[in-house]
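Engineer: Sequence and predicted structure, then a few things I'm wondering about:
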Amino acid sequence: MASPDAIAGGELIFVVEEAPEGGFTARALGAALFTEADTVAELHEQVRDAVRCHFDEAERPKVIRLHFVRDELISA
């Protein structure tokens, strides 16, 4: 189960990154949740589904925040 701090204030944060093979991966902070999808719209549904499966209704966060991280290289 998630640590109590994982859903502090009723919010669960996912770090979203572009997958090397295409699409996106999402990893929850403070909870053992991971999912992936080909599009952002599909990712929204996958994250919601993962949260519904992981948490009992009484413990479920009210808000899910997706924090998109993107690495960008530039020449020096």
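Structural biologist: Structure's in. What do you need? Residues are numbered from 1 along each chain as shown.

Engineer: is it true that residue 36 touches residue 21?
Structural biologist: No: using CB atoms under 8 Å, residue 36 makes no contact with residue 21, being 9.6 Å away. To be clear about C-beta, it is placed using only N, CA and C from the backbone, and glycine gets the same treatment.

Engineer: the more surrounded of these two?
Structural biologist: For residue 36 and residue 21, the more surrounded residue by other CB atoms under 10 Å is residue 36, and the numbers stand at 16 against 6.

Engineer: before we move on, what SS does residue 45 have?
Structural biologist: With DSSP: H, G, I helix; E, B strand; the rest coil as the basis, residue 45 sits in helix.

Engineer: actually residue 48, not the one I typed
Structural biologist: Under three-state DSSP, residue 48 comes out as helix.

Engineer: What strand or helix carries the residue most central in space within the chain?
Structural biologist: The centroid of the chain falls nearest to residue 14 when counting by CA atoms, centre = their mean (2.9 Å). In the assignment (DSSP states H and E), residue 14 maps to strand 11-18.

Engineer: For the helix or strand following that strand, which residues meet the burial criterion?
Structural biologist: Using DSSP H and E, the helix or strand that follows strand 11-18 in sequence is strand 24-28. Using 16 or more other CB atoms under 10 Å as the test for burial, strand 24-28 gives 24-26, 28.
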